[in-house]
Structures are given as C-alpha cells and as structure tokens.
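Participant: Model the following, please.
(chains A and B)
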Amino acid sequence: GEDVEQSLFLSVREGDSSVINCTYTDSSSTYLYWYKQEPGAGLQLLTYIFSNMDMKQDQRLTVLLNKKDKHLSLRIADTQTGDSAIYFCAERDNNNDMRFGAGTRLTVKP
Amino acid sequence: DSGVTQTPKHLITATGQRVTLRCSPRSGDLSVYWYQQSLDQGLQFLIQYYNGEERAKGNILERFSAQQFPDLHSELNLSSLELGDSALYFCASGPFRKGNTEAFFGQGTRLTVV
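Facilitator: Numbering: from 1, shown residues only, chains lettered A, B, ... in the order given. Down below sits the predicted model:
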C-alpha cells in the first residue's frame, strides 16, 4: 500500500530551527498535513498545504512541498521548549482517504 | 474538542483477556480510522472503515478485529491480550467530501496489559 515515512526522533537546541522531514508515495495526494501531539493529548491539525503549492508560511512555521520527489518538510523557526511534541505528517488522496506517518518526536533542549 | 469521542479513556486488564474500545466519529463523517501508538514504533495504522465497510487494512493482528455500525460508531476488539499490546489506541474520523477537511482524532484509550 501507499506509505508515509518520517524519522522517529529529532533533538534541537532552543532558539535553533527545527526541520522535520516526511516522504510519501501516493502521487494522487491532494492535501498534505502536519499534525501536532502534545504530551497526554490527541493529534491536532497544525497546518496543511494543497498539493499544487510548494510553500506555505504561517508565523514560525514553514511548510515546503516537493511534489516531484514526494517530500514534505516542516520548519519551525526559533524553536521553543513549548514546541516539544510529536509531529505527524499526513496525506489525503483523491478518494479522501488519509494516511499518517509514525510521528517525529521533537525534543527541544534549553 | 475534536468531536470524536473515545471510551474508555483508560483500561487496565490482564494478559489473555479481551477488551472492546469504542469510537464515535464526528457528526457527518463516514470514515473511521484506528491507530495504535507505542513509544518504540510510533503511530501505526490498524484499519479503516467507511460507511460500515472495511476500506483499508494496516498492521492489524489477527487477534484484533473491528467493525463500524449503522450509526457509524466503531468498535475495536482486542483479544488474547499480551503485554506488548499495551499502547495508546486512537480513533480518527475522516473527510468524505471535497475541500480541505481533515481527519479529527479522539483523545485516545490508554490500554495497559498487566
């Protein structure tokens, strides 16, 4: 089946930029998403990008999409300790089915 | 509040037992996804139902089964439980119409097998 893959762990220092990467295999993806899971909570939508865009910026968040390589990234500028969480990449295909990656646990060290 | 309700929130049971986890999707959503989240493997897709029918299957063990009922709520049944089944189990309800609606997650059921 189609897959969404991301590294399980990332550690950065407070104030640095974090870049979380994701690859997917389904070429019919319509939307791509980033979800965030705070400790002890469920997953909540952080941001999304439509598949015909290559970049979206929202305050400290920048989403980059390389559709040719099927690569999605989330950049968090000036990472804070409050950004420590698990970040999930997800894609939605043209049947409206969604697939999620396993999640990247971001640890921000002071 | 995502609109997706999962019960129970916590469950502690012994090895060899059987449990049922319940999920009520957001009003109007036809798709229900079940996921298992563990520390070492992250979020793993188990199974998806769409309007009562099984739509996609992931790494779901044969000891596990699920169904979606006519009122669209779903149940995940886990039997012959093992210590390794201890995890967070999430349900998500998904978009069925065009446009940018995304999947919404419940708060999860934390299963501890002792």
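Participant: if I pick residue 13, what's in contact with it?
Facilitator: If you meant another chain, say so; for now it's chain A. A:79, A:108-110 (CB atoms under 8 Å, 6 or more residues apart in numbering or on different chains). Every C-beta, even on glycine, is put in place using the N, C-alpha and C of the backbone.
Participant: Can you look at chain B instead?
Facilitator: Taking CB under 8 Å, 6+ apart as the test, what B:T13 contacts is B:19, B:81, B:111-114.
Participant: Distance check, A:S73 against chain B.
Facilitator: In this view, A:S73 and chain B are 18 Å apart by CB to the nearest CB, to the nearest Å.
Participant: Residue 9: what's it in contact with?
Facilitator: Went with chain A since none was named. Applying CB under 8 Å, 6+ apart, the residues near A:F9 are A:104-105, A:107.
Participant: oops, I was thinking of chain B
Facilitator: Applying CB under 8 Å, 6+ apart, the residues near B:K9 are B:107-110.
Participant: let's go with 10 Å and repeat that
Facilitator: With contact set as CB atoms under 10 Å, 6 or more residues apart in numbering or on different chains, B:K9 has these partners: B:106-110.
Participant: Just name the closest of those residues to A:C22, please.
Facilitator: Of all those, A:C22 sits closest to B:G108, with 22.0 Å by CB to CB.
Participant: Just the pLDDT for that closest one.
Facilitator: We note a pLDDT of 95 for B:G108 in this prediction.
Participant: same thing with B:N100?
Facilitator: Note for B:N100: predicted pLDDT of 55.
Participant: gap between the residue minimising distance to the centre of chain B and A:R60?
Facilitator: Nearest to the mean C-alpha position of chain B, by CA atoms, centre = their mean, lies B:W34 at 3.1 Å. Separation of B:W34 from A:R60 (CB to CB, to the nearest Å): 33 Å.
Participant: Inside helices: which ones of the contacts of A:F9?
Facilitator: Using DSSP state H, no member of the contacts of A:F9 sits in helices.
Participant: What remains of those if I keep only buried residues?
Facilitator: For the contacts of A:F9, a neighbour count by 16 or more other CB atoms under 10 Å in any protein chain shown gives the buried set as A:104-105.
Participant: Pick the one among the contacts of A:F9 closest to A:A41.
Facilitator: A:R105 (14.0 Å).
Participant: contacting residues for that closest one?
Facilitator: So A:R105 contacts A:7-11, A:20, A:37, A:84-87, B:39, B:42 (CB under 10 Å, 6+ apart).
Participant: One more pass at 7 Å, please.
Facilitator: Residues in contact with A:R105 (CB atoms under 7 Å, 6 or more residues apart in numbering or on different chains) are A:8-9, A:86.
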